[in-house]
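Trainee: How does the following fold in three dimensions:
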Amino acid sequence: MREIAFPYGKEKLTCRFAEQELAGVLTSAIEEYEPEADEVELVHRAMQAPTGSKRLCELAEGKQKVVIIASDHTRPVPSKVIIPAMLAEIRQGNPNADITILIATGCHRGTTKEELVSKFGQEIVDKERIYVHDCDEREKLVSIGTLPSGGDCEINTIAMQADLLVAEGFIEPHFFAGFSGGRKSVLPGVAGRGTVLANHCAEFIAHDNARTGVLLNNPIHEDMLWAAKQAKLQYIVNVVLNAEKQVIYAVAGDVEQAHKKGTDFLASLCGAQAVPADIVISTNGGYPLDQNVYQAVKGMTAAEATVKEGGVIIMVARCNDGIGGDHFYHQLADERDIEKTMQTFLNRGRNETVPDQWQTQIMLRVLMRARVIFVSEMADELVEQMHMIPARSVEEALKKAKGLLNKQNPTITAIPDGVSVVVQK
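Mentor: Here you go, the predicted model:
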C-alpha cells in the first residue's frame, strides 16, 4: 500500500492506495531544489548580471520619470526583497529620479493601505509614491494600439508617461497564459478592463496552445508580450518561489529574454509526463489557492491533461469561501446543458467577452472530458449546481468514481499539487 497526502486548506487529507491500482504520482521537483544563495543575494546576483539588458542603474541614467509596476495583494511576490533592490539601483543611476510604484491589480479590487504595508513594509509605503491601478478608471487609461487579438489595448497613463518602465513579478505555471510573470505586469496588470476581456476571449481560451507551460504560439501570451513591448517595458525582476513562498531563483533584464530564462528554469523542475488513467486525483495545493471553486479550476486542468476521455477527476479543494464569484456561479448554475453554455461563449466575438467567462469556459472544457467529483466543505447542493458530484473525503470520492466507471480495476493517477506541475502529454 502507498499513502499519499493531498493538501486541503491548511491541512492534508491522506489516502492509501494499492500499488497495482496506482498508475502514477505526478509531482514537481521544485521542493527538492536547493537554492544557491538566500533570497536577497539571489535577487542581487540577477540584477548584477541581467539577461539581454544593461543594468538597471545604467538604464536609469538621465531618466526623470521612472515607474515600477509591482504586483498586488493577490500575488505572493516577495516585494520586500525585490523593490528595495530596484529602488536602490534606480537611484544609483539617477539620485533625483521621480519614482512611482504602480500596483498591477488587473481586474482585481484595489489593494488597501494595510495590504500595501504588509507587502512593502511601512517605510516604503510612507516614503514612496504608490498608485493603485483601477481597470475602470477611464481618465487613467490611454489606447496604445490594437492587440493581435483585435482588441483595443488600453494601458494606465502613469506607465505610458514614464521615461523608464520596469516591473517586478514572479513566475509560476499558468493554466492559459503558459506561465505568469514578465509581460503579465502590463497585460492584464495595468490594462483597462476591455483590454483584459479581449485578451481572454473564447477563441483564445479554446486554442490548443493556451495551456499550462506553453508559450510558443500561445495567442494569449502573444497579446501580452505585444502589449508589454508597445508600452516599452524595458526591464523586469522576476523570481521563482517554493511552497513556502521563498525565492529559490531570480532573473532580471529584458522582458522577453529574462522571462524565458525563468520559465525554462521552472519548466525543468515542474514538468511531469502524463500518466493516463481512468481516475485522476488533483488539488489546488491547499491554502490559499483552494479557497473557492473559481480558483480550483486551475488544479482541474492538471487532471484534465492526464485523465482518459470519459474518466473521472477527483478535485480536492476545501473551498471555505464557496464559489468565488457571481458571474462564474450564474454562468454554470443557470443552465444545465453545458454544451449549450460552451457554444454561447464560442459564438461571442473577441470584444464581447464577459467577466469570468474564461474560467467558466475552461471548467466546461474539463467537464466535457470527464465527470468531476468535488471533495470540499461546500453544501452538496452548491456542488451539484456547479455540475459536479459532492464528496467529503478522498475515500468517498474514490468509491463514487469506481461506481460511475463500472469498470474492473480502474487505474488511478494522483497529482498531490495540481498547480505546481506542468503535465506534458
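Trainee: pLDDT wise, what is Gln385 at?
Mentor: Gln385 is assigned 97 on the pLDDT scale.
Trainee: Quick check: closest non-adjacent residue to it.
Mentor: Ala333 (4.1 Å; C-beta to C-beta, 6 or more residues apart in numbering). Heads up, the C-betas are built off the backbone N, CA and C, glycines and all.
Trainee: What number of residues are in the vicinity of that neighbour?
Mentor: A count of nearby residues for Ala333, using other C-beta atoms under 10 Å, gives 14.
Trainee: Figure out how far stretch 46-54 is from the centre of its chain.
Mentor: How far stretch 46-54 lies from its chain's middle: 25 Å, per C-alpha atoms, centre = their mean, to the nearest Å.
Trainee: give me every residue that touches the nearest residue to Ser149 once chain neighbours are set aside.
Mentor: Leaving aside its sequence neighbours, Ser149 sits nearest to Asp223 (C-beta to C-beta, 6+ apart; 4.9 Å). Taking C-beta atoms under 8 Å, 6 or more residues apart in numbering as the criterion, Asp223 is in contact with 147-149, 151, 187, 199, 204.
Trainee: Repeat that for Lys399.
Mentor: Lys399 touches nothing, counting by C-beta under 8 Å, 6+ apart.
Trainee: tell me which element it is part of?
Mentor: Here Lys399 is covered by helix 394-405, with elements defined by DSSP states H and E.
Trainee: Pull out the buried positions in that helix.
Mentor: Using 16 or more other C-beta atoms under 10 Å as the test for burial, helix 394-405 gives 394, 397-398, 400-402, 404-405.
Trainee: got it, and stretch 338-347?
Mentor: Buried residues in stretch 338-347, defined by neighbour count with 16+ other C-beta under 10 Å: 338, 341-342, 345.
Trainee: Rebuild those residues as TSV, extending it with secondary structure, pLDDT and distance to Phe374.
Mentor: Below are the buried residues of stretch 338-347 laid out as TSV (DSSP: H, G, I helix; E, B strand; the rest coil; pLDDT from 0 to 100; distance: C-beta to C-beta, whole Å):
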residue	secondary structure	pLDDT	distance to Phe374
Ile338	helix	97	15
Thr341	helix	97	18
Met342	helix	97	20
Phe345	helix	97	22
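Trainee: Now those residues in TSV, please, with extra columns for distance to Val307.
Mentor: Compiled in TSV, the buried residues of stretch 338-347 are given as follows (distance: C-beta to C-beta, whole Å):
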residue	distance to Val307
Ile338	17
Thr341	21
Met342	18
Phe345	22
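Trainee: picking up where we left off before, I'd guessed the residue nearest to Gln385 sits against Val383; true?
Mentor: No - taking contacts as C-beta atoms under 8 Å, Ala333 lies outside contact range of Val383: 10.8 Å.
Trainee: Does Ala210 touch Asn199 like I think?
Mentor: No - using C-beta under 8 Å as the test, Ala210 is too far from Asn199 to be in contact (10.6 Å).
Trainee: Tell me which of these two has more neighbours.
Mentor: Asn199 (29 against 23).
Trainee: For the more buried one, which non-adjacent residue is closest in space?
Mentor: Of all residues not flanking Asn199 in the chain, Asp223 sits nearest, at 4.7 Å (C-beta to C-beta, 6+ apart).
Trainee: re the thing from before, for the residue nearest to Gln385, give its distance to Gly324.
Mentor: The gap separating Ala333 from Gly324 is 13 Å, by C-beta to C-beta, to the nearest Å.
Trainee: Then Val117?
Mentor: Using C-beta to C-beta, one obtains 26 Å as the distance from Val117 to Gly324.
Trainee: next one: Glu114
Mentor: Look at Glu114 and Gly324: by C-beta to C-beta, they are 22 Å apart.
Trainee: Looking at those two, which has the bigger crowd around it?
Mentor: Neighbour count, other C-beta under 10 Å: between Glu114 and Gly324, Gly324 has more, with 18 against 10.
Trainee: related to what we said a few turns ago, need the CA coordinates for the helix holding Lys399. PDB is fine.
Mentor: The C-alpha coordinates for helix 394-405 follow below in PDB (Å, rounded to 0.1, in the frame of the first residue of the first chain):
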ATOM      1  CA  VAL A 394     -10.900  11.100  -0.900                       C
ATOM      2  CA  GLU A 395     -12.100   7.600   0.100                       C
ATOM      3  CA  GLU A 396     -15.800   8.500  -0.500                       C
ATOM      4  CA  ALA A 397     -14.900  10.200  -3.800                       C
ATOM      5  CA  LEU A 398     -13.000   7.000  -4.900                       C
ATOM      6  CA  LYS A 399     -15.900   4.800  -4.100                       C
ATOM      7  CA  LYS A 400     -18.200   7.100  -6.100                       C
ATOM      8  CA  ALA A 401     -15.700   7.200  -9.000                       C
ATOM      9  CA  LYS A 402     -15.400   3.500  -9.200                       C
ATOM     10  CA  GLY A 403     -19.200   3.200  -9.200                       C
ATOM     11  CA  LEU A 404     -19.500   5.700 -12.000                       C
ATOM     12  CA  LEU A 405     -17.000   3.900 -14.200                       C
END
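Trainee: I am finished for the moment; much appreciated.
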